[in-house]
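A.B. asks: Provided below for reference: sequence and predicted model.
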Amino acid sequence: MDEEGAALAHLPLDANATGPFIYRLDGSVQEVRMFACVRGRKSSREKILDAAAELVGEIGSGRLTLDAVAERAGLSKGGLLYNFPSKEALLQAMIQRLVDEVSLEKEALRRQSPPKRNLEARLCTAALLKMCGSGKMKEIATGMLAASSENPRLLEPVRDVVKETLGKLRATSDDFDASIVAWLAVEGLRSMEMHDISPFSDEDRERIVKVINRLLDNGIAEQAP
């Protein structure tokens, strides 16, 4: 066994280990752990995604180049290509990260929310309003939409999460009609804000959100025959 293997052999494999792992010929598995002095540092992948997001917000996705991203991230072009072999791969990863950030926000809200009617719809709409209403997120999302107009395949992660959201609303809502209308209302508002065509003031937006919450509380009243 080499020195690295001997050192790793003394590392216990925790039940909550997340890897990466070394799979040995004797069948044992060892997790590769970073030394404490480097914990908390951003990975090259994160640096690249952060740099690309900054540039998309500044110059748009159409003018984004891998050279510019590598320079902004403080990495070599080879280091960037190791993580993202093409501009398309980079843009798709950026869209996936946007999707993941909304999902993480929704789960953070879930941990803070008491049980309520139509809870999944409340979490979904609240996360979208919070994450996509922010200026920086809006700039990045708008740039990604522009890129997807040239390459619709970039929106595959978005299509997947839309299908997943609909399925969850259908399966968990106390009032599916109210949940779906609330979700569509927020998606429409978000779309107008992302394209800078929203005519609504902050006060209007606040009122719309209150109406959506009342809808989720009370449902949709059916007309008497």
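C.D. replies: Great, that's in hand.
A.B. asks: any idea which helix is longest in the chain?
C.D. replies: Counting residues, the longest helix found in the chain (DSSP state H) is helix 87-112.
A.B. asks: Average pLDDT for it, rounded please.
C.D. replies: Averaging pLDDT along helix 87-112 yields 89.
A.B. asks: what distance separates the helix or strand that that helix is followed by from the middle of the whole chain?
C.D. replies: Next in sequence after helix 87-112, counting helices and strands by DSSP states H and E, comes helix 119-132. Centroid separation for helix 119-132 versus its chain: 13 Å, with CA atoms, centre = their mean, to the nearest Å.
A.B. asks: cool, and stretch 177-191?
C.D. replies: 19 Å.
A.B. asks: And the average pLDDT for it is what?
C.D. replies: Mean pLDDT, stretch 177-191: 94.
A.B. asks: ok, and what's touching it?
C.D. replies: The set of residues external to stretch 177-191 that reach it, using CB atoms under 8 Å, 6 or more residues apart in numbering, is 118, 120-121, 124-125, 128-129, 132-133, 165-166, 169, 173, 198, 200, 205, 208, 212, 215-216, 218-220. (C-beta placed from N, C-alpha, C; glycine too.)
A.B. asks: same thing but at 7 Å, please
C.D. replies: 118, 121, 124-125, 128-129, 132, 169, 173, 208, 212, 215-216, 219-220 (CB atoms under 7 Å, 6 or more residues apart in numbering).
A.B. asks: On the pLDDT front, check Ala126 for me.
C.D. replies: On pLDDT, Ala126 comes in at 92.
A.B. asks: neighbours around it, how many?
C.D. replies: Residues lying near Ala126 (other CB atoms under 10 Å) number 19.
A.B. asks: cool, Val69 as well?
C.D. replies: 25.
A.B. asks: what about it, which helix or strand?
C.D. replies: helix 66-73.
A.B. asks: Give me the contact list for that helix.
C.D. replies: Contacts of helix 66-73 (CB under 7 Å, 6+ apart): Lys47, Ile48, Ala51, Ala52, Glu54, Leu55, Ser76, Lys77, Leu80, Lys87, Leu90.
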